[in-house]
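Student: Quick one, structure for this:
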Amino acid sequence: MKIKSRTFTAKDGRKVILRTVRWEDLDDLLDFINSLVEEGADIVRTEKVTRDEEAEWLGRFLARIEKREMINCAAEVEGKVIANSEIGKREGLMSHVGDFGIAIKQGYRRIGIGTQVMQILVEESRKAGLKILVLDVFDTNKTAKALYSKMGFKETGKIPKAINKKGTYIDLVRMTLEL
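Tutor: Numbers count the residues shown, from 1 in each chain. Next comes the predicted model:
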């Protein structure tokens with residue numbers, strides 16, 4: 001499901017365009033995911049992605065958006081995608097539930113982008129008839145947990161030691177938002 005493009009000014013004064021990803025974003029998205037891997041960000045992926053792998057992923061991703069199985073919002077600053085987020089709609093008896101994911105490139109966090117992206121995704125989820133949004137977050141990611149709580153998500157579960165990050169076990173926290 002495509003969103004209507006919007007623009008706002010981040011807390012640091014940079015202009016941010018919020019929009020749906022498109023095929024032309026392939027190289028930006030490749031740089032984006034690989035920068036998160038290099039940083040050791042709190043994401044499950046630990047290996048860099050090749051351009052072919054990213055192209056394959058993007059093709060599937062765009063097809064899901066077109067089929068209205070996915071709601072997407074990307075953030076662009078100075079012509080580059082610096083954040084990507086989505087709600088993946090579940091099927092069958094859980095078709096009222098959406099799985100939420102968001103990632104923001106280092107250097108663009110804590111300036112209001114996450115809040116704006118989440119507001120759009122929550123709004124679009126309501127329009128799509130979803131009733132519950134679900135996300136998982138590393139328990140050590142205090143910044144993300146604070147943002148999710150601010151947006152109304154509540155902790156509803158935890159898998160102890162679900163993440164093994166460089167030999168350190170981290171709990172995976174499940175948070176939900178009833179729309």
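
Student: Can you show me the strands along the chain?
Tutor: Applying DSSP state E to the chain gives strands spanning 6-9, 15-19, 70-77, 80-89, 97-104, 132-138, 154-165, 168-178.

Student: For the nearest residue in space to residue 14 that is not next to it in sequence, give the beta-bridge partners.
Tutor: Computed as C-beta to C-beta, 6 or more residues apart in numbering, the closest residue to residue 14 that is not its neighbour in sequence is residue 77, at 5.3 Å. (Each C-beta comes from the backbone N, C-alpha and C, glycine too.) Legend: beta-bridge partners of residue 77 under DSSP bridges are residue 16, residue 80.

Student: Can you report how many residues neighbour residue 77?
Tutor: Counted with other C-beta atoms under 10 Å, residues neighbouring residue 77 total 19.

Student: List the residues that contact it.
Tutor: When contacts are counted by C-beta atoms under 8 Å, 6 or more residues apart in numbering, residue 77 is found next to 10, 14, 15, 16, 17, 108.

Student: Would you mind giving those residues as TSV with pLDDT added?
Tutor: Formatted as TSV, the entries for those read as follows, by pLDDT from 0 to 100:
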residue	pLDDT
10	97
14	97
15	98
16	98
17	98
108	96
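
Student: ChimeraX command to pick out the buried ones of those residues?
Tutor: One line in ChimeraX is enough to select the buried ones among the contacts of residue 77; burial here means 16 or more other C-beta atoms under 10 Å:
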select :10,16,108
